[in-house]
Each structure stands twice: as structure tokens, then as C-alpha cells.
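Q: Need coordinates for the below:
(chains A and B)
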Amino acid sequence: MLIPTFIGVTLVAFFFIRLLPGDPILLLAGERGISAERYAELQHSFGFDKPVIIQYLNYLMGLFHGEFGMSMVTRRPVWDEFFSLFPATLELSFVAIIIAVLVGIPAGVIAAVKRGSFFDHSVMTGALIGYSMPIFWWALLAIIVFSGWLQWTPVSGRISVMYFFEPVTGFMLIDSLLSDQSGAFGSTISHLILPSIVLATIPMAVIARQTRSAMLEVLGEDYVRTAQAKGLSKLRIVGMHALRNALIPVVTTIGLQVGVLMAGAILTETIFSWPGIGKWMVDSISRRDYQVVQGGLLMIAMLVMVVNLVVDLLYGLINPRIRHR
Amino acid sequence: MKLLTKALAATALAAVLSTTAQAKTLVYCSEGSPEGFTPALYTSGTTFDASSHTIFNKLVEFERGSTNVVPGLAESWDVSEDGLEYTFHLRKGVKFHTTKDFTPSRDFNADDVIFSFMRQKDPNHPFNKVSGGTYEYFGGMSMDSLIKDIVKVDDYTVKFVLSQVEAPFIANMAMDFASIASAEYAAQVEKTGNLDMFDQNPVGTGPFQLVAYQKDAVIRFKAFADYWGGKAAIDDLIFAITPDASVRYQKLKAGECDVMPYPNPADIESMKADPNINMMEQAGLNVGYLAYNNENDKFKDVRVRKALNMAINKNAILDAVFQGAGQVAKNPIPPTMWSYNDKVVDDAYDPEAAKKLLAEAGVTDMKTNIWAMPVQRPYNPNARRMAEMIQADWKAVGVDAEIVSYEWGEYLKRSGTGEHETLLMGWTGDNGDPDNFLYVLLGCDAVKSGSNRARWCNKEFDDLLVKAKQTTDVAERTKLYEEAQVVFKREAPWATIAHSVVFMPISSKVQNYKIDPFGGHIFYGVDIDK
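A: This next block holds a predicted model:
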């Protein structure tokens, strides 16, 4: 399945960006305009003078040789740019999904167990608000309240600009520890709090709702009644028997949230000046930097495929009956 | 072993940091990442802030805060009688930066000048194709055809031979693309074979040298101790890349940055009220205008153009679109530019007179369109809104206009070939020379190239411009341009709408900051209290 999907993604990435109106060379030139000769020269240098299908085949050939092309704007290899920015996105998404899971699942479980209670209503209302809130608005609000008024957290960035060390892994949490500079790790944590909470908001809401409904379904099953009849403690019934079965749809949801995180990262990264791939992709789309959009989409798609694979494997871990033979 | 080295390096760095704790650091919340560090390859102001305004010098420079050309790496220059030869006398004892890749063995000399220009001019130059090799400004200012030859007279004298008399040449030489790089560094890089490194790890003579760059995060510079103009007052200059204007404002308030560009118009009032923020403002070197397509029969009669001009309420546009951050334009060049003709009288807002003039021209039930740009620019922060207001104003005098918009690239392409009837557009000056507005936007040649979007070719006007190009006497040129502005107003190929006002909120700790009329952000000469 991976190879046809891969080819499909290259097709979509390659042709969709070209369907958008707007000529990248004219965009580069702007108000100043460009002479016809210079235009032809640039078309040739980017290979746009060849038929689109040949361009696509060349692109595909390049991919098989590990060539993702060059950014038209910065003239740097797409691969290099992606890997210099990707750790930042991964770090933020990882912390966000951890927060979403650690808060979302317990909230959903408790809401299901105490169905109809004040807690249940509060969680469900909170989840609805969290789910429907526009991220950019929520991010700005969080900055104004927590960084502006209360001054608990810094406004934006990954670390205070006063700390300076060469990136080793690209993950600031690790690099700041390796740097041996006192306060660097603390600064990293404080910079991570707001963006990760903002990015976690939607997945948290979805996970909480999904957990609650899955739990409610499972709690009505016969075997739960049997367990209750056997006199098992409530904690054991909910934690061991019910939750384990309720987790299947929840894990699926978490897997699907990876895509949502990528979409959310675009806004979160722009607002919090987070140097990740979200902002990079948006800039490239508006500049019609074809190579970057193609390469970026392809790598994000591969990432989502890998996550889906991991989710499939997790099913087997949670419920042995699903294990492939 | 590797870990040990790392630990040692970290300790050493920590030691350096603690000894320089008293160093003066200025943090600038810049709006985006530079495209690269070689100014000649790019056209955006964001890139120039991080390269030509910090790392590099030019032979001649713009005096900080003005459009006057002053000596840079050339101490002086002479122009030959026929205006075709410019001889630059270079400054002696100018040092290049020492970086981890390069230690200069000699001072700046004529070889560096020839290298920097020939890279852009000569397609067979070993560095011409490096990093994409597009030199948009060099080509855009016609330097490739203008410069016939560059001659090294001796180590400290370089002669530029031009193919025609071109008075704005000296102003062009102060532009960002004319930054001087090290030929010695280029030769060293060439030996390694990795030519791209030359543009990624730049070496210049400028007041700051690059320490580190992390895309979309931060650019670090340190003051160059051996700078020929004297070391900068600040020791470390940090660009904290912050794309969102509201977030930049929050960072400025929280003390996370000292200077921020491009505030939201809505925030300006509260910034002015903040005692910790010093709000600077200055007229921008730009113009926002509405161009009539003069090749279209509807606009061939000057009375129609005049009438439509008189129907537009510019003051209302300034309030609604610029939120006060602008001033009404009456000439095609901004008032801060030399030769601005203040005696020109604008077409006053008078819908009744406009109606009469239209009737006189025999125009009834006129239908047209207004093209609105899809992008924000300082000279037009909201083209859609502006178009709507003009639409309403014209409606009041009986002219129906439909608003049209395209994606930006498409907009430029279609308007370049004259598909529009009227369109909103604007221009920001490149070199402070009136020629850069008048000839580029309204000259007859520019109809062909597409940048004359009024598609207006007036012999009287064009002759004045050509004559002004061919004399280097500024007083003479001033007279010619003043006259040209009178012709412009009489013929009304555009409705001149506004010049923007540039706002720069800076921390009250920052001293001697000057707003650059070209829209750049320059930190040499700036100091900060710590």
C-alpha cells in the first residue's frame, strides 16, 4: 500500500500546486516586473519550459535518487531546510499530543463514569469550546493574558535569545540540557508551555469526547456487569477491563490527530514565531515555491503514513484479537 | 571524547558569556527570515536588513536616515566631462571580517570591487551561476547594459565606463545589490569546490559580522571591532524573527525586543500612550496611486481623467484605509524626495465640478472597472477597501465601476499587458532618485516593459525625463523634474492617492535610531542603555 500511496501523493503535490493561479517567477519579480528574455532564462533554469509531464517525470526520477530539489527562493536544498526545521515541529507536536492524551483520556474516563454530573457537563462544555475555538485567536488571547498581563511565560520563540549554542539534535529540550548553560533548559520549558497547550487544545477536546463515548459504550457491556457481579473494585473494572477496550477508537483518534496537529502547527508556529515546517510551508505556498511545497507535502504525508502504521501495530498490543496472523 | 570536547566548548562559551555579561545587546524583532545573505541575489527588504545593512558596505552609501549619497568604501569619485566614466578612489586600510572559515590576508582593494560587479555582469564568471545566480536588481536597474567596462586603474582606483550618460548611476551604486564582497574569500572557496558556501557564510567589511543563523528563529551578529568607521556602539545585534505584528508588540512590551518594524495600524494609539515605547514616524518613500489605462478609449479624454480624480475623496480614504498613517499625494513622487514640486495644485475633491466636467466631455452612463491588488503594501494597506471607497465616490458622479481582483502574480501579469481599465498600484523608491519613480512608472519605454501601468506615453513629459537622465547637474535636473510634475498634473494619467507614513515603535532605552526612508532597518550608529 505504501508505494501507490507515495506515487499518489507525489501526483497530488506536483499538480495541485501548479493548478493554483500565479506564476512563481512573476511573484519573485513583484512590482518591478521582468524582461521577456530574463523570464525565459529563469523558466529554463527552473525547468518550467519543459512539458509538465516531463517535469513530473524528472521530479519523480530525482526523488528515487533522493533529490528533493532546491527552493526557488532561498536556493537551498529542500531536504536541508526540512530537516533544519522539522525537529522544532516534532518537539512541539510531541509535547502537545502528550498533554492532549494526559488530560483528554482521564477527563473523558471520569466524565463517562460520573455521567450526568457537574464534572461531566463541564468537561463536555470545555471540550466543545476547545474544539470550536479558532487557534490563532486562542493563541493571541493566551499571549496577551499569560505573557502580557500575568507575565508568567515569555511571548514567543523557542528559547530566550540570550542563550546561544549550536544545535546538536535540533530538539531544544535536549540541546539546552547538553549546552550546560544554567537556565537554558528552564527557558526552553517556559517557551514551550503556551504553544504546546494551544496546539493541544483541539486534540485534547476530541480525545476527551471520544474517550467518554467509547467508555459509555463499553461500560454498558455484559462483561462489565459480570465484573461488577464478581465484586471487582470500581477502579479495576474501569481501569483494566473497560478502558482497555475503549482505547481502540481512542488510539485511532489520536493517530488521526497527527494530521490535525500538522494543520494546527501552521497557525501556532506563525503566532509563536516557532521555527518549524508549518510556517515554512505556508510561506512557500504563497510564494509558489513549487519544490518546497512538493517536498514538504511529501515528507508530511510520509510521516502520517508512518504514524498510521504505528497505530495499526498498537491495536494489536491493546487488543490481542486484532493481531495479524 | 566527543562529549568531553562538547562539555569543554560549552564551558568555554559559558565563560565567554559571563565575561560579556555587560555587553550591550540590541534585540530587533524582525518580520521574517532572509532569503540569503548575498544582497545581489535577492530583492526583499528583510534580506537587505540582514545583509547589506549589517555585513556589507557599498562604494557609496545612503546617509543614515536620508536619501543623500555619501562616500562609503570609495572616499571620493570623479565623473568625466562626457559623463561616461566614473572613477572611484577607494578607502585604504579597510578590513574584511575574520570568520571560522576565512582569515583575510589583505585589506579591501579594487579586486573586490571588480569581483562583486563582474559576478553579476559576466555570465561566464565562476560565481555567476552560484546560488541560483539571479541578479534581479542589477538587471532591473539596467546595470548590465549600462556598465560597459570596469577597469582597475591601480589597487585603490576603479573606473566604471558606461554605455550612455545616466545621471542616476551614482545613486544606483548606493543600492543593496552593489555590496562589496571579498574576492580573496571567493578564491579560497573556489578551491574547496563548495561554491554555495560563499553566500551562506558571508564575509564583508560592514559594521556587524554574522555569528549564527537559524531559519525562522534567530540571526546573531556581533560588532566588527576593526570596522573602518569605528566599532558600533552596541556589541551584539540579535534579530528575533517574529512574523506576527501583534506578537511583536507583546514582545516589545515584555522587553523581549527593543525595536520592532511594521506595527498594526490598530495598535499605534496604544503604543504612543506607552511611556516605555518611543514611537517614531516618517513619511515613506513611496506612492499609492490609481492608474487609468490611457490606451483605453474611455480614458483618452483628459477631462474624463480629471473629473474622476476630482470625484475621489482622498481624505476619507486616508482615515479609513491608512488609519491616519498616510498623507494625501498630489505628485507622483513623495515629498521627501529632491525636486518634489510643492507648487503643483492638486485636483480638489468636488463631485459637482466632476459631474459638470464629465457632462462637458459628453460622458453619460460610464461603466468601468477598478482593479484592486490582493496584497498589502505600505503604500496601500487595504486595496480592496480603497477600491470600494473609490467605487462609491464614482457612483456619486454617475460612474459605475466593478471591482476586479486576481491573485498577485496574475494581477501583475495581466496589468502589465494592459487588461485593466483602472487599477490600484504603488511603488517604493529604490535609490532616492526621481528618475526611479518618473521614468520607471511613467516613461514611454516603460509602456513596453509593462511597469507603466497607465500605459501613458506623453512626448513632452518623456523628453523632460530623458534630458534629466543625461545631465549630472542636480540643479538642472531638479528644474526638469519640477516641470515634468506640472505636465503630469495637467495630463492626469493617474489619480495620486497617498504616501504612507512609516511608524517605528522602539524601546525608550534605544538611542539615535533613525528611520531609513528606503524602508530598511539600520543599527550602526544606534546605542542602547542597559
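
Q: what's the burial count for the closest residue to chain B within the stretch 201-325 of chain A?
A: Minimum separation of the stretch 201-325 of chain A from chain B (CB to the nearest CB) falls at A:Pro275, amounting to 3.5 Å. The C-beta positions use only the backbone N, C-alpha and C, and glycine is treated the same way. A count of nearby residues for A:Pro275, using other CB atoms under 10 Å in any protein chain shown, gives 24.

Q: Let's verify it: helix, strand, or coil?
A: Secondary structure state of A:Pro275, per DSSP: H, G, I helix; E, B strand; the rest coil, is coil.

Q: Angles on the backbone of B:Ala50, please.
A: Per-residue torsions, B:Ala50: phi -90, psi 0 (degrees, to the nearest 10).

Q: Please name the spatially closest residue to it (chain neighbours excluded).
A: Once flanking residues are discounted, B:Ala50 sits nearest to B:Pro34: 4.1 Å by CB to CB, 6 or more residues apart in numbering or on different chains.

Q: Read off the pLDDT value for the closest residue to B:Pro265 other than its chain neighbours.
A: Of all residues beyond its chain neighbours, the one nearest B:Pro265 is B:Gln323 (4.1 Å), with distances taken as CB to CB, 6+ apart. At B:Gln323, the pLDDT value in this model is 83.

Q: Need the pLDDT of A:Leu57.
A: Residue-level confidence at A:Leu57 comes out at 89, pLDDT.

Q: which residues are in contact with the helix or strand harbouring it?
A: Secondary structure here is read from DSSP states H and E; on that basis A:Leu57 sits in helix A:52-64. For helix A:52-64, the external contacting residues (CB atoms under 8 Å, 6 or more residues apart in numbering or on different chains) are A:7, A:10-11, A:14-15, A:18, A:47-48, A:50, A:68-69, A:294, A:298.

Q: State the distance from the closest residue to B:Ala316 other than its chain neighbours to B:Asn315.
A: Nearest non-adjacent residue to B:Ala316, counting by CB to CB, 6+ apart: B:Met389, 6.4 Å away. With distances defined as CB to CB, to the nearest Å, the gap from B:Met389 to B:Asn315 amounts to 11 Å.

Q: count of neighbours near the residue in the stretch 101-250 of chain A that chain B sits nearest to?
A: Closest residue of the stretch 101-250 of chain A to chain B, CB to the nearest CB: A:Asp180 (3.9 Å). Summarising burial for A:Asp180: neighbours were counted as other CB under 10 Å, giving 16.

Q: And B:Glu483, by the same measure?
A: Residues lying near B:Glu483 (other CB under 10 Å) number 17.

Q: On the pLDDT front, check it for me.
A: B:Glu483 is assigned 97 on the pLDDT scale.

Q: likewise B:Trp408?
A: B:Trp408 is assigned 83 on the pLDDT scale.

Q: State the distance from the nearest residue to B:Val70 once chain neighbours are set aside to B:Leu237.
A: Spatially, and ignoring its direct neighbours in sequence, B:Val70 is nearest to B:Glu63 (4.7 Å; CB to CB, 6+ apart). Here the criterion is CB to CB. By it, B:Glu63 lies 20 Å from B:Leu237.

Q: of these two, who's got more company?
A: Here B:Glu63 and B:Leu237 are set side by side on neighbour count (other CB under 10 Å), and the busier one is B:Leu237, at 25 against 12.

Q: Quick check: next helix or strand after the helix or strand that one falls within?
A: B:Leu237 is located in strand B:236-240, with elements delineated by DSSP H and E. The first helix or strand that comes after strand B:236-240 along the chain, using DSSP H and E, is helix B:245-253.

Q: So for the helix or strand that comes right after that next one, what gets flagged as buried?
A: Using DSSP H and E, the helix or strand that follows helix B:245-253 towards the C-terminus is helix B:268-273. Taking 16 or more other CB atoms under 10 Å in any protein chain shown as the neighbour-count basis, helix B:268-273 is seen to contain the buried residues B:268, B:271.

Q: Mind giving me the packing neighbours of helix B:268-273?
A: Judged by 3 or more CB pairs under 8 Å, 6 or more residues apart in numbering or on different chains; DSSP states H and E, the packing partners of helix B:268-273 are strand B:277-283, strand B:494-507.

Q: Mind checking what helix or strand follows the longest one in sequence?
A: In this case it means strand B:494-507. Downstream of strand B:494-507, the next assigned helix or strand under DSSP H and E is strand B:510-511.

Q: So which residues make contact with the helix or strand bottoming out on mean pLDDT in chain A?
A: Across the helices and strands of chain A, mean confidence by mean pLDDT, DSSP states H and E is lowest for helix A:24-29: a mean of 78. By CB under 8 Å, 6+ apart, the residues outside helix A:24-29 that reach it are A:34, A:39, A:42-43, A:46, A:48, A:72-73, A:287-290, B:43, B:134, B:136, B:408-409, B:412-413.

Q: Centre of the chain to it, how far?
A: Between the centre of helix A:24-29 and the centre of its chain there are 30 Å (CA atoms, centre = their mean, to the nearest Å).

Q: Helix or strand next in line after it, which one?
A: Taking DSSP H and E as the definition, the helix or strand right after helix A:24-29 is helix A:36-46.

Q: neighbouring contacts of that following helix?
A: The contact list for helix A:36-46 (CB under 8 Å, 6+ apart) reads A:24-25, A:28, A:34, A:49, A:72, B:132-134, B:139.

Q: B:Asn431: what's it in contact with?
A: With contact set as CB under 8 Å, 6+ apart, B:Asn431 has these partners: B:141, B:168, B:171-172, B:174-175.

Q: actually B:Ala387, not the one I wrote
A: Contact partners of B:Ala387, counting by CB under 8 Å, 6+ apart, are B:370-372, B:403, B:424.

Q: ok, of the contacts of helix A:24-29, which come out buried?
A: Buried by 16+ other CB under 10 Å: A:34, A:42, A:46, A:48, A:72-73, A:287-290, B:43, B:134, B:136, B:408-409, B:412-413, out of the contacts of helix A:24-29.

Q: ok so, going back, CA-only coordinates of the least confident helix or strand of chain A in CSV, if you can.
A: Output for helix A:24-29, consisting of C-alpha atoms alone and laid out as CSV, is shown next (Å, rounded to 0.1, in the frame of the first residue of the first chain):
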residue,chain,number,x,y,z
PRO,A,24,6.4,31.9,-9.3
ILE,A,25,8.8,33.9,-11.5
LEU,A,26,6.4,36.9,-11.7
LEU,A,27,5.9,36.7,-8.0
LEU,A,28,9.7,36.8,-7.4
ALA,A,29,9.9,39.9,-9.6
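
Q: Pull out the buried residues from that helix.
A: Neighbour counts over helix A:24-29 (16+ other CB under 10 Å) mark A:24-29 as buried.

Q: go on, stretch A:89-102?
A: When neighbours are counted by 16+ other CB under 10 Å, the buried residues of stretch A:89-102 are found to be A:89-93, A:95-97, A:99-101.

Q: go on, stretch B:198-215?
A: Residues of stretch B:198-215 classed as buried: B:198-210, B:213-215 (neighbour count, 16+ other CB under 10 Å).

Q: Just the terminal-to-terminal distance for stretch B:277-289.
A: In terms of CA to CA, to the nearest Å, the two terminal residues of stretch B:277-289 are separated by 32 Å.

Q: model confidence over that stretch, on average?
A: Rounded to a whole number, the mean pLDDT of stretch B:277-289 is 92.

Q: and that stretch, how far from the chain's centre?
A: Taking the mean of its C-alpha atoms, stretch B:277-289 sits 13 Å from the chain's own mean (CA atoms, centre = their mean).
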